[in-house]
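1. Predicted model, plus sequence, below.
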Amino acid sequence: MLSSPSVGVLHFPAQGGRMSVTPVPLRIAVVGGGIGGLAAALSTARAGHYVTLVERASRFGEIGAGLQLAPNASQALEELGVLKAVQRAAVAPPRLVMMDALSGDQVTSLDLRSPAYVERFSHPYLVTHRTDLHAALLAACEEHPAITLRTGHTVTHAEQDDSAVHLRFAGTAAELTADAVVAADGLHSRLRQALVGDGEPVCSRYVAFRGALPAHRMTGRMSQHAASDAVMVWAGPRMHLVQYPVRRGELYNQVAVFESDHYAPDSDAWGTEAELEERFSGTCQAVRDALPLIARDRRWPLFDRLPVDNWVHGRIALLGDAAHPMLQYLAQGACQALEDAVALGGALGRFTDPADAFAAYADQRRERAALIQTNARRFGEICHLEGMGATLRNQLFASRGPEDFDDVSWVWTPSPASVPVP
């Protein structure tokens, strides 16, 4: 038995040779009921397999505020059959706008309704509330006859042999046996620790305060930005503010992010409201007007990990944040989980052996996800420049036109499947 010293309750046998061919339809277990897990369950079922999804919470739900869905995510949602459902609550912003948080001047913008956008990207750029996206995926899973959803199930053991994976859960003697398992259990994935063993995620020393409020509460200067429906990014030294409407424009999402001077790995007393106020005190009036309306009920430390190659261990595969957690500066966390799900379903539709399908899925997704992980860090550094660095950034970005998508097209265009059909 192979066991991870950091997670002693999860055990995996050493692998030797190829797995035996498994007849279709397969029985697939998905661990984790977030956006990535629901999308993986839906994609797998649509590929013709039976899925049991287990979620440790007592009920399905999503916390947080808004998220951005670039055209690669919209394409994935269409392939999952839920794009129209998501669009019913989402907003299609006309522009992405970067502003200088200190001067209040516009730095650059991208026109998301221009002929250049339409020609280059065949799917819309959307912004939505996390709960609305989660609800659309959950409804689709609940309606699919091949998907079984179970809440209140915390995986404590996972063992695999040549023909199956056996999951056991806290507080019960019940066991779930599946032909293969998809670990979509998030940033602190227990299954990842058993497979990869890379310890705790990396804290960026940045923290976010986020939330959505009724749009009518945006008054004064901020009401003008809210009425525009644009995605506004106010970039400043070691901090930024993001704003956009969600839920048909009824709510306005705001996220204030900043680097803490008081970070300590063994303490939770950093990234406080007092630091938030201090870091944003030198910003322009429009940003300061928005600050009192930013939700303060919870702070969100921002983590990621370094890319890894070993997403797959026999009949167990990682997906979403369990495979490639990333910082939010390219707004691709949920987008990449959706891409994962589509690639997984495609591979499970091409291969009869789940180990072969998982290997094909990882081969298709690994390099692209790693590039976005590492570039998210870099774009965060660019966004948070100060002094001369910020001046040069603004000059460079200002030279780009609103229809110049060259810098982002590789992010917004999913890579095609590279695995031949057997």
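-> Perfect, I can see it now. None of the values given here were measured: they were computed from a predicted structure. Residues are numbered from 1 along each chain as shown.
2. Enumerate every residue touching residue 253.
-> For residue 253, the set of contacting residues under the criterion of C-beta atoms under 8 Å, 6 or more residues apart in numbering consists of 65-66, 127, 129, 210-212, 242-246. All C-beta atoms are positioned from the backbone trio N, CA, C, and that covers glycine.
3. Nearest to residue 330 among those residues?
-> Each of the contacts of residue 253 was checked against residue 330 using C-beta to C-beta; the closest is residue 242, at 12.2 Å.
4. How many neighbouring residues does the closest residue to the closest one other than its chain neighbours have?
-> Spatial nearest neighbour of residue 242, excluding adjacent residues (C-beta to C-beta, 6 or more residues apart in numbering): residue 255 at 4.5 Å. Per other C-beta atoms under 10 Å, the neighbour tally for residue 255 reads 23.
5. can you confirm residue 255 is in a helix?
-> No: counting by DSSP: H, G, I helix; E, B strand; the rest coil, residue 255 is not found in a helix; it is strand.
6. Could you tell me which of the contacts of residue 253 count as buried?
-> With neighbours counted by 16 or more other C-beta atoms under 10 Å, the contacts of residue 253 contain buried members at 65-66, 127, 129, 210-212, 242-246.
7. rewinding a little: would CSV of the contacts of residue 253 with secondary structure be doable?
-> Putting the contacts of residue 253 into CSV (three-state DSSP) gives the following:
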residue, secondary structure
65, coil
66, strand
127, strand
129, strand
210, strand
211, strand
212, strand
242, strand
243, strand
244, strand
245, strand
246, strand
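8. Check pLDDT for those residues and point me to the minimum.
-> Going through these one by one, the lowest pLDDT turns up at residue 65, 89.
9. Residue 130 is in contact with residue 62, isn't it?
-> Yes: contact criterion C-beta atoms under 8 Å: residue 130 and residue 62 qualify, at 4.7 Å.
10. related to what we said a few turns ago, let me know the distance separating the residue nearest to residue 242 from residue 41.
-> Applying C-beta to C-beta, to the nearest Å, the value for residue 255 to residue 41 is 28 Å.
11. ok, which stretches of the stretch 151-300 of the chain are helices?
-> With DSSP state H, counting those that start in this stretch applied, the stretch 151-300 of the chain shows helices at 190-195, 221-228, 273-279, 285-290, listed in chain order.
12. which residue packs closest to residue 108, ignoring adjacent ones?
-> residue 397 (4.0 Å).
13. Packing partners of the host helix or strand of the one you found?
-> Residue 397 is part of helix 388-398, with elements assigned from DSSP states H and E. Counting contacts by 3 or more C-beta pairs under 8 Å, 6 or more residues apart in numbering; DSSP states H and E, helix 388-398 is packed against strand 95-100, strand 106-111, strand 231-236.
14. at 10 Å instead, please
-> Helix 388-398 is packed against strand 95-100, strand 106-111, strand 231-236, helix 354-383, with contacts defined by 3 or more C-beta pairs under 10 Å, 6 or more residues apart in numbering; DSSP states H and E.
15. Which stretch among those is buried most, on average?
-> Most buried of the helices and strands packed on helix 388-398 by mean neighbour count (mean count of other C-beta atoms under 10 Å) is strand 231-236; its value is a mean of 24.
16. By mean pLDDT, point me to the weakest helix or strand of this structure.
-> When each helix and strand of the chain is scored by mean pLDDT, DSSP states H and E, strand 2-4 comes last, with a mean of 31.
17. In contact with the nearest residue to residue 220 once chain neighbours are set aside, which residues?
-> Here the nearest residue to residue 220 in space, its sequence neighbours aside, is residue 289; by C-beta to C-beta, 6+ apart that works out to 5.7 Å. By C-beta atoms under 10 Å, 6 or more residues apart in numbering, the contact set of residue 289 is 218-223, 225, 283.
18. Now distance to residue 116 and pLDDT too, for the residues you listed, in TSV please.
-> Converted to TSV, those look like this (distance: C-beta to C-beta, whole Å; pLDDT from 0 to 100):
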residue	distance to residue 116	pLDDT
218	30	83
219	35	77
220	34	71
221	30	69
222	29	71
223	30	71
225	24	72
283	32	98
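19. From those, pick the one nearest residue 96.
-> For the contacts of residue 289, the residue nearest residue 96 by C-beta to C-beta is residue 225; the value is 12.8 Å.
20. what's the distance between that closest one and residue 232?
-> For residue 225, the distance to residue 232 (C-beta to C-beta) stands at 5 Å.
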